[in-house]
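Peer 1: Kindly generate the corresponding structure for this input.
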Amino acid sequence: MCLGKKGVNRSVPTGNASQVSDGAAAVLLAKRSKAAQLGLPVLGVLRSFAVVGVPPDVMGIGPAYAIPVAVEKAGLTLNDIDIYEINEAFASQAVYCVEKLGIPMEKVNPLGGAIALGHPLGCTGARQVVTLLNELKRRGKRAYGVVSMCIGTGMGAAAVFEYPGN
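Peer 2: Residues are numbered from 1 along each chain as shown. Next up is the predicted model:
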């Protein structure tokens, strides 16, 4: 991955990249009425999502472009978001996204991201959603959060969730 100027050979060393780890998770998305019928708690509300594309040679920066689209679709601004779960496939890619969007670092991955927790392929999104919703619940008030990740070949995805409060 090259996040520098074209023609400049820059790389991402393994010390600044998440490890691929094993993981399994399940997330159930349902209408509120169905959750009530089944006696299941509603942990959050999916407000919007977005998928965008960037040039494949800078594939890690997709979240910087997907996040604003998802937030706008939810009728919110970047400042309205309490927590951002941005997958850290690489430290440089996550830092780029945070700086490009002007997000305060204290709002990003407050419980640790993929570099600390691991990057379970095929499970990353579920892990992020569970981490986000549980942290919003722990804080105990109505709040908004974003999960986002880069995807190989230049895609970025983001989703906005609302925790309705206690």
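Peer 1: Let's test this: mean pLDDT of stretch 52-71, rounded?
Peer 2: Throughout stretch 52-71, pLDDT has a mean value of 93.
Peer 1: Which other helices and strands does the host helix or strand of residue 162 contact?
Peer 2: For residue 162, the host element (DSSP states H and E) is strand 155-163. When contacts are defined as 3 or more Cβ pairs under 8 Å, 6 or more residues apart in numbering; DSSP states H and E, strand 155-163 packs onto strand 45-53, helix 62-73, helix 124-139, strand 143-151. (C-beta placed from N, C-alpha, C; glycine too.)
Peer 1: which regions of the chain sit below the pLDDT cut-off?
Peer 2: Counting by pLDDT under 70, the chain contains low-confidence ranges at 1-16.
Peer 1: Let's see that with 80 instead.
Peer 2: For the chain, the stretches flagged by pLDDT under 80 are 1-21, 25, 59, 118-119, 121, 166.
Peer 1: Check the contact between residue 19 and residue 120; I expect there is one.
Peer 2: No. Using Cβ atoms under 8 Å, residue 19 is not in contact with residue 120; the gap is 9.9 Å.
Peer 1: what about those two, which has more around it?
Peer 2: residue 120 (18 against 11; other Cβ atoms under 10 Å).
Peer 1: what's the neighbour count on residue 77?
Peer 2: Neighbours around residue 77, by other Cβ under 10 Å: 10.
Peer 1: List the residues that contact it.
Peer 2: Applying Cβ atoms under 8 Å, 6 or more residues apart in numbering, we find residue 77 in contact with residue 71.
Peer 1: what about it, distance to residue 137?
Peer 2: 23 Å (Cβ to Cβ, to the nearest Å).
Peer 1: Kindly report the same for residue 75.
Peer 2: 22 Å.
Peer 1: Out of the helices and strands packed on strand 155-163, which gets nearest to residue 110?
Peer 2: Closest to residue 110 of the helices and strands packed on strand 155-163 is helix 124-139 (Cβ to Cβ; 6.3 Å).
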